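Novice: With the input below, show me the fold.
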Amino acid sequence: MQDQPPSPINPRAVPFPVQQLGYSQPSRRGRPGLVTAIGAISIVVATLNILFGMQTGVQSLTFHVLMQFAPPGAVNTTTTTTTSGSGSATVGTSAKGPSQSSNPATLTAFPRIGAGPMVLGTFDAVASLVLAVILLVAGIGALRHSRGSLDLHKFYGWAKIPISILGGIAYGWTMSQMLSSLPFGTPSGSLLFCMYAVFMAVLGCSYPIGLLIALRTETVRGYYNSIV
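Specialist: Numbers count the residues shown, from 1 in each chain. Okay, the predicted model is just below:
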């Protein structure tokens, strides 16, 4: 029995379809606009805080040096003349402490500030300067897809809130003592203290509170979780 010759291959035959393998493509997510805004605003706020902290530190040091050479307050001298029945006169002179009257001569008196608000203000300036540098690094890292910028932003937000409250107290204490020591009429020291302290504390806490809220959004968390 002879073997059958192989059938010729039809060149027009359609090949069997091959199932395409599904390769998983790595997802590459772009930086959300909220993260870009956080990075840009952090850089601006950090730069302003660095300049303000340096200015506050220089002012505190300058004021402390000037107070060492400030003249004491004016002294009131009162002369009393008493005339007796025999025609003799008795002259008496008495001296009082620094005058708080509205005499124009006392307007040149240098304002007085205690050591407490100066020390507290200096500490606030140094701490704010350090946190501003951390915020600057965090802002740059956010624009460069750095996962560590999230932790730096969180550290700045939680640390800046108590420092801002402390700075508000220091600023209110300083301004109340300075204005209360001037001869012209001013409100009470406690009122000045409360106004300046609340204003500066609210101003300093506004950005860190907003930053902590933004970091807890789903967009920001999802973006940082996708960074390997």
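Novice: can we go C-alpha only for contacts and neighbour counts from here?
Specialist: Will do.
Novice: Show me which positions of whichever helix in the chain runs longest end up buried.
Specialist: In terms of residue count, the longest helix belonging to the chain (DSSP state H) is helix 33-68. Residues of helix 33-68 classed as buried: 35-36, 38-43, 46-47, 49-50, 53-54, 56-57, 60, 64 (neighbour count, 16 or more other C-alpha atoms under 10 Å).
Novice: repeat for stretch 114-122
Specialist: Buried positions in stretch 114-122, judged by neighbour count with 16+ other C-alpha under 10 Å: 117-118, 120-122.
Novice: With just CA atoms, put it into CSV.
Specialist: Taking C-alpha atoms only, stretch 114-122 is exported to CSV below (Å, rounded to 0.1, in the frame of the first residue of the first chain):
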residue,chain,number,x,y,z
GLY,A,114,9.8,94.0,79.3
ALA,A,115,12.2,91.1,78.9
GLY,A,116,9.3,88.6,78.8
PRO,A,117,7.7,89.6,75.4
MET,A,118,11.2,90.1,73.9
VAL,A,119,12.3,86.6,74.7
LEU,A,120,8.9,85.1,73.6
GLY,A,121,9.1,87.1,70.4
THR,A,122,12.6,86.0,69.6
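Novice: quick one: contacts of that stretch?
Specialist: 56-57, 60, 64, 166-167, 170-171, 173-174, 177 (C-alpha atoms under 8 Å, 6 or more residues apart in numbering).
Novice: Let me see the mean pLDDT of that stretch.
Specialist: On average, the pLDDT along stretch 114-122 is 78.
Novice: ok, now stretch 191-198?
Specialist: 78.
Novice: Quick check: the farthest pair among the contacts of stretch 114-122?
Specialist: His64 and Leu166 (19.9 Å; C-alpha to C-alpha).
Novice: roughly how far apart are Gly148 and Leu215?
Specialist: The gap separating Gly148 from Leu215 is 13 Å, by C-alpha to C-alpha, to the nearest Å.
Novice: Looking at these two, which one has more neighbours?
Specialist: Legend: neighbour count by other C-alpha atoms under 10 Å for Gly148 and Leu215, higher for Leu215 (20 against 13).
Novice: Who are the contact partners of that one?
Specialist: For Leu215, the contacting residues are 150, 154, 221, by C-alpha under 8 Å, 6+ apart.
Novice: quick one: pLDDT of the first one?
Specialist: In this prediction, Leu150 carries a pLDDT score of 93.
Novice: again with Gly172
Specialist: On pLDDT, Gly172 comes in at 81.
Novice: The chain should start at 36 in everything you say after this.
Specialist: From this message on, residue numbering opens at 36, which makes the last subject Gly207.
Novice: Surely it and Ala232 touch.
Specialist: Yes - with contact defined as C-alpha atoms under 8 Å, Gly207 reaches Ala232; the gap is 4.4 Å.
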